[in-house]
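here is my input, please return the structure:
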Amino acid sequence: MAGKKYKAALAQIDRTKTYDYAEAVALAKKLSTTKFDSSVEVSYSLNVDPRQADQNIRGAIVLPNGTGRTQKVLVIADGPKAEEARAAGADFVGADDMLEQIKGGWLGFDIIVATPNMMGKLGRFGKLLGPKGLMPNPKTGTVTMNVGQAVTEIKKGKVEYRVDKDGNVNVMIGKTSFSDEALAQNFKTLYDQIVRVKPQTVKGNYIKGVTVSTTMGPGIKVTVA
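The predicted structure is shown next:
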């Protein structure tokens, strides 16, 4: 059963229309039903078949205003690259020592960046890290020799987007404490990127629907350009 706050918020949304994106994020923020600083999320329903390699959309982008969430970054690298990662502000840096900790069950990080030469060793943890979305991937810039740049971008507010088996992409674009303008900027940056990565093999409407919502708040349908 929906709570009173949720029902009251829902009543302020015109269900018969779609909203301009700037209007939608402002309304989502206004109708937040929580006492804490809620996350603002965008959900895309895409006309893609993720089973087709070229339609399995995945990547990452730096949002201009960040996400409001601090991510703990683990870098698997050695030698000068390890030093580069430390200088860029990585939370944890190491090679075999860090892999031993993961083997022991430690998962005190949000994202892993690894140099290509470390992926052979890291690959052994695929069954543990894969289902949790923690395995580094070249598509998202987390398998790279430019570890310093990767760490800097993540700390600035880089977000990953990935289509699920049903053709949906869900991405956090900020917090309700953000200004309306900051949320709108983040929305537009992500929207433009989703449009940019449209597979050439997609026929008909690519973006079927876009919804903005806050944690435990109602969804607001956004006009698709």
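
quick one: low-confidence parts of the protein?
Scanning the chain for pLDDT under 70 picks out the ranges 1-2.

show residues contacting the longest helix along it.
As far as residue count goes, and with DSSP state H defining each element, the longest helix of the chain is helix 180-196. Taking CB atoms under 8 Å, 6 or more residues apart in numbering as the criterion, the residues outside helix 180-196 that touch it are 21-22, 24-26, 29, 40, 42, 44, 46, 57, 59, 61, 63-65, 67, 159, 161, 169, 171, 173-174, 178, 206-207, 210, 212. (Each C-beta comes from the backbone N, C-alpha and C, glycine too.)

would you map the helices across the chain?
4-10, 21-30, 79-88, 96-103, 119-122, 126-129, 147-156, 180-196.

looking at the ones you listed, which is closest to residue 137?
Taking CB to CB as the measure, the helices of the chain were each checked against residue 137, and helix 119-122 came out nearest at 9.8 Å.

quick one: contacts for residue 216?
When the contact criterion is CB under 8 Å, 6+ apart, the partners of residue 216 are 6, 33, 34, 38.

what sits against the first one?
If you count contacts by CB under 8 Å, 6+ apart, residue 6 has them with 33, 216, 217, 218.

count of residues packed around the closest residue to the first one other than its chain neighbours?
Once flanking residues are discounted, residue 33 sits nearest to residue 5: 4.1 Å by CB to CB, 6 or more residues apart in numbering. Using other CB atoms under 10 Å, residue 5 is surrounded by 14 other residues.

repeat for residue 80
Counted with other CB under 10 Å, residues neighbouring residue 80 total 9.

measure it to residue 90 for me?
Plainly put, residue 80 is 14 Å away from residue 90 if you go by CB to CB, to the nearest Å.

likewise for residue 117?
With CB to CB as the criterion, residue 117 and residue 90 are 17 Å apart.

between these two, tell me which one has more neighbours.
For residue 117 and residue 90, the more surrounded residue by other CB under 10 Å is residue 90, and the numbers stand at 25 against 14.

give me the nearest residue to that one, chain neighbours excluded.
In space, residue 90 comes closest to residue 75 once its chain neighbours are excluded; the distance is 4.4 Å by CB to CB, 6+ apart.

do residue 26 as well
On the basis of CB to CB, 6+ apart, the spatially nearest residue to residue 26 that is not a chain neighbour turns out to be residue 180, at 4.3 Å.
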